[in-house]
Structures are given as structure tokens and as C-alpha cells.
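K.L.:
Please work out how this folds:
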Amino acid sequence: MTARIPLPDGWADRPFRVGDALEAGVARSRLNSKDLDRPFWGIRTPARTFAGSPTSVAWANRTDLEALCRALLVRMPPDSFFSHSTAALLLGLPVPTRLARLRPIHVGVPASARGMEARDIVGHRVTIDPDTLVDRGPLRLTGPARTWLDLAALLTLGELVAVGDYLIRWEAPILTPSELQHALERYPSRSGLKRARAALPLLRDRAESQRESLLRVVIVLAGLPEPACNYRVFSQ
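P.N.:
Numbers count the residues shown, from 1 in each chain. Model (predicted):
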């Protein structure tokens, strides 16, 4: 068996752009070797085993999602960031299963910049302030409050309440309701804003699961008395 031609120093353990490799003298045939994956057009990464096939139908294991996002970094504009359901999954928020996928990757840029559009990538041009972004290692993404607000365009009312309940849960709150209210006031012109406004007063900090939140919203919207979340009953 013919030994593979070594890649330039450091390239065998990180993502890189095909164009950069060609400029460095790497042959195109080498870029098609089985020890390299092709997570996106024009990008190569060291071959790795995904929990599921890295396609749009694969469930999003966070480790695999982070690897895909790191690979995409080599093509992303410097002022871009991960957003919407991609940011939610990176933050560990409980999105519904239809959005808990490895692909597409949602990438945001400031409204004045050119949106990123390519296969398996959904680009968003948005009005956003830098202090609403957070860093998770090398990955920059929308913070919890802004991510919740962006999800309002993708989720049903009940699903949005479930994510909000998770963010404010009493045992380990990530945000307060006032911080979500502030996000609503800070970005008043957004897709899904009406749904976010409707969701905010329905949030409860004692909910402990998505299904519990969804059921509570159904009961409330049906005009029935709202059930108390995880009410503690003691007997003597």
C-alpha cells in the first residue's frame, strides 16, 4: 500500500480550506483521501466517527455539532456567529426534536454585512449588539436571551414557553424573566416577536420538563385553571 503524502505541519489535526491547501501545494487527489472528511463544500477535516451520519437527518450530538461548527469557522466571516437552533443546541437548550439536527447550521451576521448562504447553512442578517454574543471556546454564538428571542420564529408558543421555563428554572436559573423582557424591548422588530410577547407571561420557574410545559400551556389556552408546577404536598 502506498503511504499517504503527509499534509503540511499542523493540518492533519484541524479543519482547513481546500483553496488554502491547493495554494500550499497539496494535490487535489490528496484532498480526496479517506483520512479526510468533507463536512462542507471547500473544507476538509481529519476523518472522525460521528454519532450519526453528518447529514441533515442526523440527530445533533453536541460533540458532533461543535466539531461541525469548528470546521465551518474556517469559512465564516470574522463578524459572524452561530444563531437560532444551532446556538440553542450549543447552549444545551431543550429544542424540539425536529430542530435537534446536525444540519443545517444557522449563521448570523450583522445587518450591514452579507449573509452566509451555502448548502447545509442558513444565513441570517440581523440587528444585534456585540454584548449579546457569548463565546464557547472558539465558537461565538448568540447568548441565551437573544437565542430564545430568535427561536420565537421557529417554535410554537408551547415550545417557546418550554425553552423559557428551562432558562428560568428555580434550581439553576440561566436567566431571569426580566432579562428576557429586556431582550424583547431591545429588539422590537423581529420575526416571531408577537409569539415571544405571548410566551413571556406564561413562563414558570418550577417546570421540570418540556412535556410538562407544553401540557400547562395547552391547559391555560383552553381556559382551564392553571395547574401549579411541581406543587409539594406533605402528609403528617
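
K.L.:
Pull the contacting residues for the nearest residue to residue 117 once chain neighbours are set aside.
P.N.:
In this structure, residue 117 finds its nearest non-sequential neighbour in residue 123, 4.6 Å apart by CB to CB, 6 or more residues apart in numbering. C-beta here means a position set from N, CA and C on the backbone, and glycine is covered the same way. Applying CB atoms under 8 Å, 6 or more residues apart in numbering to residue 123 gives the contacts 107-109, 115-117.

K.L.:
and residue 123, bridged to which residues?
P.N.:
On the basis of DSSP bridges, residue 123 is bridged to residue 107.

K.L.:
Output the below-cut-off pLDDT ranges for the chain.
P.N.:
Applying pLDDT under 70 to the chain flags the ranges 1-3, 49-60, 230-236.

K.L.:
okay, now the domains of it?
P.N.:
Following automatic domain parsing, one finds the domains of the chain at 11-46, 144-224.

K.L.:
Pull out the buried positions in the shortest one.
P.N.:
Buried residues in domain 11-46, counted by 16 or more other CB atoms under 10 Å: 11, 15-16, 18, 21, 26, 30, 36-37, 39-40, 43-46.

K.L.:
Just the terminal-to-terminal distance for it.
P.N.:
9 Å (CA to CA, to the nearest Å).

K.L.:
Kindly report the same for stretch 13-31.
P.N.:
End-to-end span of stretch 13-31 (CA to CA): 14 Å.

K.L.:
Identify all contacting residues around stretch 136-145.
P.N.:
Against stretch 136-145 from outside (CB under 8 Å, 6+ apart): 66, 69-70, 73, 80-84, 86-87, 90-91, 93, 108, 128, 132-135, 147, 150, 167, 174-175, 179-180, 182-183.

K.L.:
Around the residue nearest to residue 96 when sequence neighbours are not counted, how many other residues sit close by?
P.N.:
Spatial nearest neighbour of residue 96, chain neighbours left out: residue 159 (5.3 Å); criterion: CB to CB, 6+ apart. Number of residues near residue 159 (other CB atoms under 10 Å) recorded here: 23.
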